[in-house]
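Colleague: got a predicted structure plus its sequence, pasted below:
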Amino acid sequence: MSESGQLSPFDPTEHPHRRRNLLTGEWVLVSPHRTKRPWQGQVERLPSDGRPAYDPNCYLCPGNPRAGGQQNPPYTSTYVFDNDFAALLANGPRQDISHSPLFQAQAETGVCRVICFSPRHDLTLPEMSVEAIRQVVDLWAEQVTELGSRPNIGYVQIFENKGAAMGSSNPHPHGQLWASYRVPQEPAKEDQQQRAYYTEHGTPLLVDYLAAELAAQERVVIDNSDWVVVTPYWAVWPFETLLLPRRPVRALPDLHEQERTTLAEILKRLLTRYDNLFETSFPYSMGWHGQPTDGADYPHWQLHAHFYPPLLRSATVKKFMVGYEMLGNPQRDITAEQAAARLRQVSEQHYKSG
């Protein structure tokens, strides 16, 4: 409030405000006044991880025994196998097992798999070639097609937890796939929001959102002929990004040949920028959200990938979701526009190759 008692004009770079996540209907509190210079802390270079190309003690390396006792074949590209310690089991009941309105439960079934991106123990996705990343893209699509065609699978969730900061217990480049009978909570919220928008406007929410982001250009990080990466207007994590196809696409298997190659290319560019931001192997959780696989029609759905990295000021300073975030709603200090600008300034030549 000014000295005259009048409210000051709103400035989104200075004043706290809430932004609504169109995909979930939830809110994030943005408090840009808390950190005038969000990257003023020291940028610390971590020691090189120095991993070997092959680790005889790694249960994901080619030819090695896994933690569950099975043995990996001598694979030479991507490799997928059923998780030895799966969170979901294929055989079992799937009915509602609630005993009262106060104690509700449902039996759940599904399939969990591990996807090794490369036989090389010492690589991560940004250090792999575009050709090798394209093999990962193809495997993602194949898995959605295979498991999504099963009558007892309603959703296929592909994701990667990269780095110990995000709970990864093995540095070998890998991701996971959990295919479940029911649609999980996050894509279910997105389905509801996209459906409501499509009913009202007649066009997919994320198609219109991308058009608005391309017109504004404030939060666009990188793009190519088929894909665009933005820091979403409602971003929660400091350097969160959203990867979107330029044309309407509902699921990974629907991608054309060129789109799969350009997807591999933009993944390498984005993840290299992440690594270069603080010159470290940038931790994150990422995942694909596509339409459910129950056979119903989903004209409101648009394929997209979320990237949720926790680092805030340096390689050793990260954002924690605690206190107000757990009990009120998520909060961030730097705006989405500031984060996008910072990512745009980063080189696409990997710092290790320099």
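Modeller: Now that the structure is in, tell me what you want to look at.

Colleague: describe which strands the lowest-mean-pLDDT helix or strand in the chain pairs with in its sheet and in which direction.
Modeller: Lowest by mean pLDDT, DSSP states H and E among the helices and strands of the chain is strand 317-318, with a mean of 86. Partners of strand 317-318 in the sheet, by DSSP bridges, are strand 311-314 (antiparallel).

Colleague: can you give me the mean pLDDT across stretch 251-260?
Modeller: Stretch 251-260 carries an average pLDDT of 98.

Colleague: and what of stretch 143-159?
Modeller: 97.

Colleague: buried ones in that stretch?
Modeller: 143, 144, 147, 148, 153, 154, 155, 156, 157, 158, 159 (16 or more other CB atoms under 10 Å). (Each C-beta comes from the backbone N, C-alpha and C, glycine too.)

Colleague: which SSE is the last one in?
Modeller: Following DSSP states H and E, the helix or strand that holds residue 159 is strand 155-162.

Colleague: beyond that strand, next helix or strand please.
Modeller: Using DSSP H and E, the first helix or strand after strand 155-162 is strand 174-180.

Colleague: contact partners for the residue nearest to residue 332 when sequence neighbours are not counted?
Modeller: Leaving aside its sequence neighbours, residue 332 sits nearest to residue 30 (CB to CB, 6 or more residues apart in numbering; 5.7 Å). By CB atoms under 8 Å, 6 or more residues apart in numbering, the residues touching residue 30 are 12, 16, 17, 18, 19, 331, 332, 335, 336.

Colleague: sketch out the low-pLDDT regions of the stretch 1-150 of the chain for me.
Modeller: Applying pLDDT under 70 to the stretch 1-150 of the chain flags the ranges 1-8, 35-48.

Colleague: how about the helices in it?
Modeller: Taking DSSP state H, counting those that start in this stretch, the helices of the stretch 1-150 of the chain run over residues 130-148.

Colleague: residues of the helix or strand where residue 262 lies that come out buried?
Modeller: Assigned by DSSP H and E, residue 262 belongs to helix 257-277. Within helix 257-277, the residues scored as buried using 16+ other CB under 10 Å are 259-277.

Colleague: and stretch 202-211, by the same measure?
Modeller: Going by 16+ other CB under 10 Å, stretch 202-211 has these buried residues: 204, 205, 206, 207, 209, 210.

Colleague: let's have those in CSV, adding pLDDT.
Modeller: Below are those laid out as CSV (pLDDT from 0 to 100):
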residue, pLDDT
204, 98
205, 98
206, 98
207, 98
209, 98
210, 98
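
Colleague: all strands of this structure, in order?
Modeller: Using DSSP state E, the strands found in the chain span residues 17-20, 27-30, 79-82, 110-116, 155-162, 174-180, 220-223, 227-230, 241-245, 284-289, 304-308, 311-314, 317-318, 331-332.

Colleague: angle of the longest one against strand 284-289?
Modeller: Angle, strand 155-162 to strand 284-289, by axes from the mean of the first three to the mean of the last three CA atoms, to 10 degrees: 160 degrees.

Colleague: so which elements touch strand 155-162?
Modeller: helix 130-148, strand 174-180, strand 284-289 (3 or more CB pairs under 8 Å, 6 or more residues apart in numbering; DSSP states H and E).

Colleague: contacts for the strand holding residue 159, please.
Modeller: For strand 155-162, contacts defined as CB under 8 Å, 6+ apart pick out 115, 124-125, 140, 143-144, 147-148, 167-168, 174-180, 182-184, 187, 252, 281-288, 290, 292-294.

Colleague: just checking: what are the partner strands of it?
Modeller: Strand 155-162 sits in its sheet next to strand 174-180 (antiparallel), strand 284-289 (antiparallel), going by DSSP bridges.

Colleague: residues touching the residue nearest to residue 66 when sequence neighbours are not counted, list them.
Modeller: The shortest distance from residue 66 to any non-neighbouring residue, by CB to CB, 6+ apart, is to residue 59 (4.5 Å). If you count contacts by CB under 8 Å, 6+ apart, residue 59 has them with 65, 66, 67, 72, 170.

Colleague: same check on residue 218?
Modeller: So residue 218 contacts 337, 340 (CB under 8 Å, 6+ apart).

Colleague: now it: how far from residue 338?
Modeller: Look at residue 218 and residue 338: by CB to CB, to the nearest Å, they are 10 Å apart.

Colleague: sorry, back to before: just put the helices and strands packed on strand 155-162 in CSV and tack on distance to residue 25.
Modeller: As requested, those are exported to CSV (distance: least, CB to CB, whole Å):
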stretch, distance to residue 25
helix 130-148, 26
strand 174-180, 22
strand 284-289, 15
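
Colleague: nearest to residue 349 among those would be which one?
Modeller: Nearest to residue 349, of all those, is helix 130-148, at 14.3 Å by CB to CB.

Colleague: tilt between that closest one and strand 284-289?
Modeller: Using the same axes, to 10 degrees: helix 130-148 against strand 284-289 is 50 degrees.

Colleague: and helix 130-148, C-alpha only, in CSV?
Modeller: Only the C-alpha atoms of helix 130-148 are listed here, as CSV (Å, rounded to 0.1, in the frame of the first residue of the first chain):
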residue,chain,number,x,y,z
VAL,A,130,20.1,-38.5,-30.4
GLU,A,131,20.0,-41.9,-32.1
ALA,A,132,20.3,-43.7,-28.8
ILE,A,133,17.6,-41.5,-27.2
ARG,A,134,15.4,-42.3,-30.2
GLN,A,135,15.6,-46.0,-29.3
VAL,A,136,14.3,-45.0,-25.8
VAL,A,137,11.4,-43.1,-27.4
ASP,A,138,10.5,-46.1,-29.5
LEU,A,139,10.6,-48.4,-26.5
TRP,A,140,8.3,-46.1,-24.5
ALA,A,141,5.8,-46.1,-27.4
GLU,A,142,6.1,-49.9,-27.8
GLN,A,143,5.4,-50.5,-24.1
VAL,A,144,2.3,-48.3,-24.1
THR,A,145,1.0,-50.2,-27.1
GLU,A,146,1.7,-53.6,-25.7
LEU,A,147,0.5,-53.0,-22.2
GLY,A,148,-2.3,-50.6,-23.1
